[in-house]
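Student: mind looking at a prediction? Sequence and model below.
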Amino acid sequence: MCDPPYVSKEDVKRLYESYGIEEQRLYKLGAQHANCSLFCCKAGQGQFKMMLDKMPKHFAFHEAEEQALRDYLGKPVSILKRKVNGKTVPYTLRELRERV
């Protein structure tokens, strides 16, 4: 897909359909890509909210793992971040869940 001739996601979807291959479950849920089961270091708050809404047990697992890492390191690390008064700060999955 990276080299000419370029192939779009729509082209791939049509190709799969022509062979009777069903669309992946994550795409059916609304994911932009089907990598990492929605848990990706490049994912934003929207993707994690989708995980919370559509795969709550999966979200709970990652929330617990994030907290275990925070406890182990003794540092306020998180997969997400947000801006507060113009400053970027960690934003935990727990905080996202509680805010939603």
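Tutor: In hand now; what should we look at?

Student: shaky segments in this structure?
Tutor: 1-2 (pLDDT under 70).

Student: so what touches the lengthiest helix in it?
Tutor: Determined from DSSP state H, the single longest helix within the chain is helix 56-73. The contact list for helix 56-73 (Cβ atoms under 8 Å, 6 or more residues apart in numbering) reads 37-39, 48, 51-52, 76-79, 92-94, 97. Heads up, the C-betas are built off the backbone N, CA and C, glycines and all.

Student: and the most centrally placed residue in the chain, backbone torsions?
Tutor: When Cα atoms, centre = their mean is applied to the chain, the residue found nearest the centroid is residue 38 (3.4 Å). The phi and psi values for residue 38, taken as degrees, to the nearest 10, are phi 80, psi -10.

Student: how about the strands in this protein?
Tutor: Secondary structure of the chain by DSSP state E: the strands cover 80-84, 87-91.

Student: closest one to residue 14 among those?
Tutor: Shortest distance between residue 14 and the strands of the chain, using Cβ to Cβ, is found for strand 80-84: 34.6 Å.

Student: so how far is the closest one off the chain centroid?
Tutor: 16 Å (Cα atoms, centre = their mean, to the nearest Å).

Student: strand partners (parallel or antiparallel) of that strand?
Tutor: strand 87-91 (antiparallel) (DSSP bridges).

Student: how about residues contacting the partner strand?
Tutor: 45, 76-78, 80-83.

Student: please parse the chain into its domains.
Tutor: 1-34, 38-99 (automatic domain parsing).

Student: now do the last one: distance from first to last residue.
Tutor: Put plainly, it is domain 38-99. Start-to-end span of domain 38-99 (Cα to Cα, to the nearest Å) is 19 Å.

Student: next one: that domain to chain centre, how far?
Tutor: With Cα atoms, centre = their mean, you get 10 Å for domain 38-99.

Student: cool, stretch 24-37 as well?
Tutor: So, by Cα atoms, centre = their mean, the centroid of stretch 24-37 is 9 Å from its chain's centroid.

Student: which residues sit against that stretch?
Tutor: Counting by Cβ under 8 Å, 6+ apart, 38, 43, 47, 50, 54-55, 58 sit against stretch 24-37.
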